[in-house]
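Q: Sequence and predicted structure, then a few things I'm wondering about:
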Amino acid sequence: MSSPASLADNEQVRAALDWFAKNLAWTKDEQVRLTEIPAPLFQEAQRAAAVKLLLAAAGLKVHTDEAGNVIGELRGANDKEVVILSAHLDTVFPAGTELKVRHDAARMSAPGISDNGTGLIALVALARAVHEARIKPQRTILFAADVGEEGEGNLRGMRALVETYKPRLRAVIVLDGSSTEHVTTKALASRRLEATITGPGGHSWSDFGMPNPINALVRSSVRFINTKVPATPRTTFNLGQIEGGTSVNSIPFEAQLKVDIRSESEDELVRLEAALRECVAAGVRDEMESARDRSKGKLEWKVELLGSRPGGELPADSGLLAALRSADDYVGNQSRIERSSTDANIPLSQGIDAISIGAGGNGGGAHSLQEWYEPAGREMGLKRALLTLLGVSGIVQEKSR
Ligand SMILES: [Zn+2]
């Protein structure tokens, strides 16, 4: 482990830190170019190809893995140990969304400009700065642009990276968005569940009295939303999407409900998931019991897991956190610890040191069509990320010349 002060004594590290100020215009232009390449979840290949070229131009040995992650390798003196620097490629915006970046003074606006245009271009900028300053790390550094971070991607890209490199993996630094005011060291555990209730379905008049899946789902939902959740550990649920039925004068044959549950405690998640199953079972039972004509068929139900993000926490005495704190000191930044749901969930849940940080500048409106980014302060964010990275990878000190 090297402290940033001693790191910055190194001539090559200083050259890498200076690279950012000299290349702010290039960084901005490339951020715009990447943001305008569509990358909906599960369709990240086109943006991935563009990042691949940029990482290759930064002198890295680059390949694409089976999941679709682009991985650029900078081999360290000790290749038995690996540090991953990552930024997700995917956006929440569907294919066909207008992505043209609008410029208004210093502000750039476009869906995905900050989340994760800022993180992606920072990944490339760090790779170039390290390459052009001819820094040789101790541990091998993998610069990874990964897929499937958002929503139903279920962190599949990061899952694949951790799976592949786990025996050698010592730390993961995730670049996501722009804010340097926080560091995510705690992974918020969450689950996404889908309840489905089905029945025979029929005519609203002639089959009246037949058990109705929407009725059953409403009964289930009312039971579930009355479930008590603790304030500490903070635990939340959201009935986010409800679907079913085909017309107003038909008894539906199907009704579906999507539920998102989150908690600081894995135990509470388990309890809430069990509560949802109980409520759906009970709602179906209530509907069957009150059906006027049970001979007209019965209801079936199931609750399926759509996605699960495991929880975890970076130990307070971890070398990675110490490296981030020293980097903050060096650049004059202050950041508070946050709990959130990010790519860092996967390594943290497996006991591997990981953090998620913003890559500098200011952004807002993430996941909306009004998303914006302003690059003032980007240089500080990039330096902070670089010093944190080199703090955990270590560098090979050149013999005095
Ligand atoms: Zn993001």
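A: Structure's in. What do you need?
Q: From residue 86, how far off is the residue in the stretch 201-350 of the chain positioned nearest to the ion?
A: Here the stretch 201-350 of the chain gets closest to the ion at one residue, residue 342, 7.3 Å apart by CB to the ion. For every residue, glycine as well, the C-beta is placed using N, CA and C. Taking CB to CB, to the nearest Å as the measure, residue 342 and residue 86 are separated by 10 Å.
Q: which neighbours do the two share?
A: For the pair residue 342 and residue 86, residues contacting each of them under the criterion CB atoms under 8 Å, 6 or more residues apart in numbering are residue 174.
Q: Pick out whichever of the two has more residues nearby.
A: With other CB atoms under 10 Å as the criterion, residue 342 and residue 86 differ in neighbour count, and residue 86 comes out ahead with 29 against 24.
Q: residues contacting the more buried one?
A: Taking CB under 8 Å, 6+ apart as the test, what residue 86 contacts is 123, 143, 144, 145, 146, 158, 161, 172, 173, 174, 175, 343.
Q: interface residues of this protein facing the ion?
A: 115, 116, 176 (CB under 5 Å from the ion).
Q: Would you agree residue 116 is in contact with residue 89?
A: Yes. Using CB atoms under 8 Å as the test, residue 116 is close enough to residue 89 to be in contact (7.4 Å).
Q: Residue 258 - nearest residue in space that isn't next to it in sequence?
A: The spatially closest residue to residue 258, leaving aside those adjacent along the chain, is residue 241, at 4.1 Å (CB to CB, 6 or more residues apart in numbering).
Q: can I assume that neighbour sits in a strand?
A: Yes. Membership of residue 241 in a strand is supported by DSSP: H, G, I helix; E, B strand; the rest coil.
Q: Report the buried residues of stretch 169-182.
A: For stretch 169-182, the neighbour count (16 or more other CB atoms under 10 Å) marks 169-180, 182 as buried.
Q: Can you give me the distance of the closest residue to residue 345 other than its chain neighbours to the ion?
A: Nearest-residue entry for residue 345: residue 187, 3.8 Å, with adjacent residues in sequence omitted and distances by CB to CB, 6+ apart. Residue 187 sits at a distance of 14 Å from the ion (criterion: CB to the ion, to the nearest Å).
Q: now do residue 182
A: The separation that residue 182 has from the ion, given CB to the ion, amounts to 13 Å.
Q: Wait, that residue touches residue 334, no?
A: No. Using CB under 8 Å, residue 182 makes no contact with residue 334, being 9.9 Å away.
Q: How about the contacts made by whichever residue of the stretch 1-150 of the chain sits closest to the ion?
A: Here the stretch 1-150 of the chain gets closest to the ion at one residue, residue 115, 4.1 Å apart by CB to the ion. The contact partners of residue 115, by CB under 8 Å, 6+ apart, come to 91, 176, 177, 363, 366, 367, 371.
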